[in-house]
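mind folding the following:
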Amino acid sequence: MPLPQQLREESDFDQLPHNIPVSATIADIEEKKGFIDYFAFVIEVKTKGGSKYFIYRRYREFFNLHQILESKYSPEDPDKPGPNTCVLPSLPGKVFIGNKKEIAESRIPELNTYMKRLLGMPVLLLDEALRMFFYQTDQDNQHQPRALRRLRPPTRKVKTVKPKMDLFSSPRAEVMFDFRGNDKAELNLKRGEVIFLLQRVNADWLEGTVNNQTGIFPQSFVKIIKPLPESDSGGESEGHCYSCLRCFLLTPSGVDTRDVCVQEDLTIQPTHKDLLSRMRNVFKEDDIALNYRDQEGDLIRILDDEDVQLMIKESRRRQGEVKRPVNQFPWELHVTMTSDLSVYNVEA
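Presented below is the predicted three-dimensional model:
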């Protein structure tokens with residue numbers, strides 16, 4: 001028995017490959033400028049395996065797909081479909097006159113219904129033309145996302161609290177693309193910024209804090225560095241204890257000592273990159289190096305994550321030698337200027 005027929009008769013969802021698209025929703029429209037200006041539909045595709053991605057399609061690509069499917073599957077007599085035929089859903093017709101943006105916007109509900117019905121027909125799910133239409137090409141993957149307004153949650157009251165966050169302990173994300181909020185509920189983001197995550201609003205939008213502002217933003221604009229706990233319902237956990245990190249800035253004019261509060265367990269092993277970012281923020285100096293003191297009291301420069309691990313191992317060995325508060329890390333950071341080698345016994 002041919003596979004499409006078998007799928008249609010058994011409707012056995014389990015036998016489908018995991019990369020088969022099972023739903024598609026238009027998230028936004030984007031204007032494309034060239035020799036001819038046009039609007040493309042930004043479509044979020046979800047697969048049977050649970051993955052999600054965006055594709056960008058013009059109306060004429062919908063039209064071409066529909067023509068191909070009609071030639072393959074439409075029965076000569078709609079009232080008597082054959083074993084490998086089906087009645088296709090209606091596609092909104094071509095419009096030759098009018099504002100292009102308004103035409104594109106008006107087509108969204110009908111195209112959403114069209115895609116939903118197409119992907120609900122098992123006889124079509126393994127069709128090569130359909131799969132290629134919903135396949136994410138390299139061009140789709142490299143495309144910079146926009147606001148995806150139609151996936152945005154309804155306007156809601158946003159918290160105004162400023163959570164105490166830390167670069168190497170809190171759920172956070174890096175902004176990959178500039179984003180300009182559409183109203184007060186949405187954050188303005190710049191590429192390269194680190195945003196602290198408070199909670200998930202829906203499948204596509206998150207709430208977070210950046211530059212002392214709290215609001216919502218589309219997840220497609222960021223890369224998650226440390227995800228939110230699955231059980232996190234939003235913001236800081238009540239009663240969470242802060243740990244204390246003692247750090248020193250060594251300069252020719254003296255020593256600047258700081259106790260930095262971090263929202264993390266004492267057993268954490270941060271990365272060298274996160275520690276360096278944190279110390280730059282604490283001491284407002286960019287050209288710095290991180291160090292720790294060995295058993296003889298000499299400064300040892302920290303260059304990578306392996307050195308961080310050695311520092312922590314060394315501090316745990318000597319944990320009983322120094323009395324510290326119960327919430328203070330057993331290791332301390334000594335920050336120096338990168339070019340200052342005079343603090344070491346032997347120049348490297």
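
run through the helices of the stretch 151-300 of the chain in chain order.
Counting by DSSP state H, counting those that start in this stretch, the stretch 151-300 of the chain has helices at residues 272-283.

under the pLDDT cut-off, which ranges of it? List them.
Applying pLDDT under 70 to the stretch 151-300 of the chain flags residues 151-169, 183-184, 230-243, 262-265.

and the next element down the chain from the strand with the most length in the chain?
Taking DSSP state E as the criterion, the chain has its longest strand at strand 21-32. The first helix or strand that comes after strand 21-32 along the chain, using DSSP states H and E, is strand 38-47.

how is the protein carved up into domains?
Domains of the chain are assigned by automatic domain parsing as 3-142, 158-226, 243-337.

need phi/psi at the closest residue to residue 61 other than its chain neighbours.
Excluding its sequence neighbours, the residue lying closest to residue 61 (CB to CB, 6 or more residues apart in numbering) is residue 133, at 6.9 Å. (C-beta placed from N, C-alpha, C; glycine too.) Main-chain dihedrals, residue 133, degrees, to the nearest 10: phi -60, psi -40.

residues contacting residue 133?
Contact analysis of residue 133 by CB atoms under 8 Å, 6 or more residues apart in numbering lists 57, 61, 65.

out of these, which are inside helices?
Among the contacts of residue 133, DSSP state H puts 61, 65 in helices.

just the buried residues of the contacts of residue 133.
57, 65 (16 or more other CB atoms under 10 Å).

and which of the contacts of residue 133 is nearest residue 175?
residue 57 (26.7 Å; CB to CB).

quick one: the closest one and residue 40 touch, right?
Yes. At 6.4 Å, residue 57 and residue 40 qualify as touching, with contact defined as CB atoms under 8 Å.

count the residues that sit near residue 92.
17 (other CB atoms under 10 Å).

now do it against residue 249, distance only.
Computed as CB to CB, to the nearest Å, the residue 92 to residue 249 distance reads 65 Å.

what's the most buried one of the domains of the chain?
domain 158-226 (a mean of 17; mean count of other CB atoms under 10 Å).

tell me the predicted confidence for residue 59.
pLDDT for residue 59: 90.

no wait, residue 43
90.

wait, it touches residue 23, no?
No. Using CB under 8 Å, residue 43 makes no contact with residue 23, being 10.3 Å away.

just the C-alphas of the host helix or strand of residue 54, formatted as PDB.
Assigned by DSSP H and E, residue 54 belongs to strand 52-57. The C-alpha coordinates for strand 52-57 follow below in PDB (Å, rounded to 0.1, in the frame of the first residue of the first chain):
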ATOM      1  CA  LYS A  52      10.400  25.700  16.200                       C
ATOM      2  CA  TYR A  53      11.800  27.900  13.500                       C
ATOM      3  CA  PHE A  54      10.900  30.900  11.200                       C
ATOM      4  CA  ILE A  55      10.500  30.900   7.400                       C
ATOM      5  CA  TYR A  56       9.800  33.900   5.200                       C
ATOM      6  CA  ARG A  57       7.300  33.400   2.200                       C
END
